[in-house]
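# please work out how this folds:
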Amino acid sequence: MKKLFLLSSFFILISCKKESEESFGKPTESNTEVKAPEALGKELFEGKGNCVACHKVDQKIIGPSIQEIAKIYKKENGNIVDFLKNDAKPLVDPSQYEVMKTNFTITKTMSDEELKAIEAYIYYNIE
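Numbering: from 1, shown residues only. Next comes the predicted model:
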């Protein structure tokens, strides 16, 4: 009986150790950070999307400012996400559309959640 108990205890310890090693370093519900959509959007806009290379918050450089984009899309009831998927025509400065088209290779790889976060960031910047 004592051998059976020791053997059972041994297998339980091995099982717990394996589970612990498999989950080490992975986020758990208690340590995951939930970001506001506009914060995630800013992170994507400045990072993965590299949108900041052509767009600034309050000034036109290569492309229109974020504030201008937000105002026009709000006024026209446009869909920024559809535009970023290349499923809608540009509402702001169509003459720059050919330049923007090259960036659709980036935005098409983004999830709807990421694109909606970028949209939230753009609308967050309306004056």
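# contact partners for F45?
Taking Cβ atoms under 8 Å, 6 or more residues apart in numbering as the criterion, F45 is in contact with C51, V52, H55, I118, Y121, I122. In short, each C-beta sits where N, CA and C put it, glycine included.
# now do it against N77, distance only.
Distance, F45 to N77, using Cβ to Cβ, to the nearest Å: 22 Å.
# what of V99?
Distance of V99 to N77, computed by Cβ to Cβ: 25 Å.
# find the centremost residue of this structure, please.
E114 (3.2 Å; Cα atoms, centre = their mean).
# residue contacts, the closest residue to that residue other than its chain neighbours?
What sits nearest to E114 in space, not counting adjacent residues and going by Cβ to Cβ, 6 or more residues apart in numbering, is L44, at 5.6 Å. By Cβ under 8 Å, 6+ apart, L44 lies in contact with C51, M110, E114, A117, I118, Y121.
# from the contact counts, what lies against the helix or strand that contains the last one?
Secondary-structure element containing Y121, defined by DSSP states H and E: helix 112-124. Packing partners of helix 112-124 (3 or more Cβ pairs under 8 Å, 6 or more residues apart in numbering; DSSP states H and E): helix 37-46, helix 66-75, helix 80-84.
# who touches the last one?
For helix 80-84, the surrounding residues in contact (Cβ under 8 Å, 6+ apart) are 69, 73, 88-91, 104, 107, 110, 112, 115-116, 118-119, 122.
# mind doing that once more with 6 Å?
Y73, A88, T107, L115, K116, E119 (Cβ atoms under 6 Å, 6 or more residues apart in numbering).
# in ChimeraX, select just the buried ones from these.
Remark: buried members of the contacts of helix 80-84, expressed as a ChimeraX selection using 16 or more other Cβ atoms under 10 Å:
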select :73,107,115,116,119
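# so where is the chain shaky, pLDDT-wise?
Where the chain drops to pLDDT under 70, the residues are 1-32, 127.
# cutoff 80 now
Scanning the chain for pLDDT under 80 picks out the ranges 1-34, 127.
# distance of the residue nearest to the centre of the chain from K108?
E114 is 11 Å from K108, by Cβ to Cβ.
# looking at the helices and strands packed on helix 112-124, which is closest to S95?
In terms of Cβ to Cβ, the element of the helices and strands packed on helix 112-124 nearest to S95 is helix 66-75, at 13.9 Å.
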